[in-house]
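1. Quick check, what structure comes out for this input:
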Amino acid sequence: MKNILLALFLSLSLFSAAVSAASSKAAPTLDIAQTVVKMPLAKGVSMDDAVEAMKSRANTLNIKLVAEMPLSKQLEAMGEKTRRMDIYQFCDPLTAKKMVEYDINFAAYLPCRIALVEDAKGQGWLLMMNLDMFIQGAKLSPALKADAVKVRDTLMEIMQAGSKGEF
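-> Take a look at the predicted model:
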């Protein structure tokens, strides 16, 4: 009887430990800040200047501005008071084509977006997805990885120009 009770106690202890371990291995919480690159607009750079600087730099770097989404204007048209929030979509069509041909799932991340957002204190920010997560995480051929790095670097240069108001 002692052996049965000891076995039962050990079984319950192991079960309890397993349940405890399983519950402590809940899905990790995503820190959304780690998934983006974020730059403040420099002092004296207006949001309109940042947009014009980004457009100018994109043109110089031969990357296409394929869409603009003035979300704050849409919200205002709906009667919502809001701070500025616009999305600018850029694309290198040849690299986009290569990425989608490699893996159709990349299409969900196209085109690359840079957001212009005004925070609660009136500070303008430029934000984009941290492309390093995809460049590092995907098993890309060396040539495709080089293309992805070039797009990332181009977008970073566009953001830097916008944040500094450099035309």
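
2. and Arg84, how far is that from Leu116?
-> Distance of Arg84 to Leu116, computed by C-beta to C-beta, to the nearest Å: 7 Å. No exception for glycine: its C-beta is placed from N, CA and C like everyone else's.

3. These two: which is more packed in?
-> Leu116 (25 against 16; other C-beta atoms under 10 Å).

4. What pLDDT does the model give that one?
-> Per-residue confidence (pLDDT) for Leu116: 98.

5. Shouldn't it be within a helix?
-> No - going by DSSP: H, G, I helix; E, B strand; the rest coil, the assignment for Leu116 is strand, not a helix.

6. What sits closest to it if chain neighbours are left out?
-> Asp86 (4.7 Å; C-beta to C-beta, 6 or more residues apart in numbering).

7. And for Gly124?
-> Leaving aside its sequence neighbours, Gly124 sits nearest to Leu41 (C-beta to C-beta, 6+ apart; 3.8 Å).

8. Share the number of residues neighbouring that neighbour, please.
-> Leu41: 21 neighbours (other C-beta under 10 Å).

9. do the same with Ile114
-> Neighbourhood size, Ile114 [other C-beta under 10 Å]: 25.

10. Gly162 versus that one, what's the distance?
-> In terms of C-beta to C-beta, Ile114 sits 7 Å off from Gly162.

11. So what touches stretch 160-167?
-> 39-42, 44-46, 49-54, 56-57, 114, 116, 126 (C-beta atoms under 8 Å, 6 or more residues apart in numbering).

12. So which bits of that stretch are buried?
-> Ala161, Gly162, Ser163, Lys164, Gly165, Glu166 (16 or more other C-beta atoms under 10 Å).

13. Redo those as a markdown table? Include pLDDT, secondary structure and distance to Ala138.
-> Shown next, in a markdown table, are the buried residues of stretch 160-167 (pLDDT from 0 to 100; DSSP: H, G, I helix; E, B strand; the rest coil; distance: C-beta to C-beta, whole Å):
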| residue | pLDDT | secondary structure | distance to Ala138 |
| --- | --- | --- | --- |
| Ala161 | 98 | helix | 27 |
| Gly162 | 98 | helix | 27 |
| Ser163 | 98 | helix | 28 |
| Lys164 | 98 | helix | 31 |
| Gly165 | 96 | coil | 34 |
| Glu166 | 94 | coil | 31 |
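
14. and those as CSV, adding distance to Val66?
-> As requested, the buried residues of stretch 160-167 are arranged in CSV below (distance: C-beta to C-beta, whole Å):
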residue, distance to Val66
Ala161, 18
Gly162, 17
Ser163, 21
Lys164, 24
Gly165, 23
Glu166, 22
